[in-house]
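1. with the input below, show me the fold.
(one chain, ligands or ions: 3)
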Amino acid sequence: MFLISDANKASDFIRELVKDKYEMLTDEFIGEGFQEKVAGISCSACKKGYMVARDSQHGSFFGCSQYPLCDHTQTACDWCGSGLKEKGRFRVCENKRCDFVEPVCPKCQGKLSLRKGSYGQFWGCSHYRKGAEFSCGHTEKFIDLKALKTKVYA
Ligand SMILES: [Zn+2]
Ligand SMILES: [Zn+2]
Ligand SMILES: [Zn+2]
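-> Ligands and ions are numbered 1, 2, ... in the order given. You can find the predicted model right below:
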């Protein structure tokens, strides 16, 4: 079973990922709800690996099963765990029955989520970590949601 052995390899992937780049996120990979899933999505970067789903407290993402040969990662749908497809400046869920859409950060390809600040709502990058080495402070006041609505209400 090719897919299953790849899923096992992915455990090393996540350990490396946690150790090397995302030390401050370590907690997210521990505890209940952490499960390994293999999605039938091939890696768009190396075309050899498969995207292996990872859940964390702050959402899900996919990592390539060919890691460390390929360190491609892709965000997974927060709602249903399917893969997300790039569509303009948004990522939309590949699951046709799911309406999940998220805006993409133009700086780091992270996702932008709506936050409340003292001056009202704004879109902030999910890769913002106060005081962390790997942090993206990108924010936007307004995002044109018309592109979202064609997907959500069509
Ligand atoms: Zn890959
Ligand atoms: Zn979805
Ligand atoms: Zn960003």
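2. assess the claim that F62 and T75 are in contact.
-> Yes: counting by C-beta atoms under 8 Å, F62 does reach T75; the two are 7.4 Å apart. Every C-beta, even on glycine, is put in place using the N, C-alpha and C of the backbone.
3. which one of the two has more residues nearby?
-> More crowded of F62 and T75, by other C-beta atoms under 10 Å: F62, with 25 against 19.
4. in which helix or strand would I find that one?
-> Here F62 sits within strand 59-64, counting by DSSP states H and E.
5. I'd like the next helix or strand past that strand.
-> Next along from strand 59-64, by DSSP H and E: strand 73-76.
6. what packs against the helix or strand following that following strand?
-> For strand 73-76, the following helix or strand on the C-terminal side (DSSP H and E) is strand 84-87. Applying 3 or more C-beta pairs under 8 Å, 6 or more residues apart in numbering; DSSP states H and E, we find strand 84-87 packed against strand 73-76, strand 90-93.
7. buried residues in strand 84-87?
-> Residues L84 are the ones in strand 84-87 that count as buried (16 or more other C-beta atoms under 10 Å).
8. same deal with stretch 42-51?
-> 43, 49-51.
9. and for stretch 111-130?
-> Neighbour-count burial for stretch 111-130 [16+ other C-beta under 10 Å]: 111-113, 123-128.
10. and if you look at stretch 77-84?
-> So for stretch 77-84, counting by 16+ other C-beta under 10 Å, buried means 77-78, 81-84.
11. distance across it, terminal residue to terminal residue?
-> Its first and final residues considered, stretch 77-84 spans 6 Å by C-alpha to C-alpha, to the nearest Å.
12. which parts of the protein sit against ligand 2?
-> For the chain, the residues in contact with ligand 2 (C-beta under 5 Å from the ion) are 77, 79-80, 82, 93, 95, 98, 100.
13. ok, back up a step: so which of the buried residues of stretch 42-51 are in strands?
-> The members of the buried residues of stretch 42-51 that map onto strands under DSSP state E are 50-51.
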